[in-house]
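K.L.:
With the input below, show me the fold.
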Amino acid sequence: MRGWILSFRLGRKRYYPRQVIIEVEGKTATHLVIGRKVVWTHPNGKKFIGKIVRKHGARGNNFIAYFRRQLPGIALGSEVTIL
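P.N.:
I've put the predicted structure just below:
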């Protein structure tokens, strides 16, 4: 399954660098996506691993993922693999 990183999760006065909003391609049932691992690969080959923890928004194809290490800014707009 593929997805794209839309942005970091934002608050009113700060942002959360380990949490990102991910858009999953197509309509998918929420219970099938939550709990899955997410892998983003840096252009130099380093892998960042995270986990989808909850739904975001009302449309049903955006989710929030927590990563073990914070992602660099180059990750915004790029593709992730959902295992």
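K.L.:
for this protein, what helix or strand is lowest in average pLDDT?
P.N.:
Ranked by mean pLDDT, DSSP states H and E, the weakest helix or strand in the chain is helix 30-33, scoring a mean of 90.
K.L.:
and the residue lying farthest from the centre of the chain, which of the three is it?
P.N.:
When each C-alpha in the chain is compared with the mean C-alpha position (CA atoms, centre = their mean), Lys13 comes out farthest, at 21.1 Å. Look at Lys13: counting by DSSP: H, G, I helix; E, B strand; the rest coil, its state is coil.
K.L.:
Going along the chain, name the strands of the protein.
P.N.:
With DSSP state E as the criterion, the chain has strands at 2-10, 15-24, 37-41, 47-55, 62-67, 79-82.
K.L.:
contacting residues around the spatially most central residue of the chain?
P.N.:
Nearest residue to the geometric centre of the chain (CA atoms, centre = their mean): Ile22, 3.7 Å. Applying CB atoms under 8 Å, 6 or more residues apart in numbering to Ile22 gives the contacts 3-6, 38, 52, 62-65, 80, 82. Where you see a C-beta, it was placed from the backbone N, CA and C, and this is true even at glycine.
K.L.:
most neighbours, which of these?
P.N.:
Among the contacts of Ile22, Ala65 has the most neighbours (other CB atoms under 10 Å), with 27 neighbours.
K.L.:
ok, what's across the strand from it?
P.N.:
Using DSSP bridges, the bridge partners assigned to Ala65 are Val20, Ile52.
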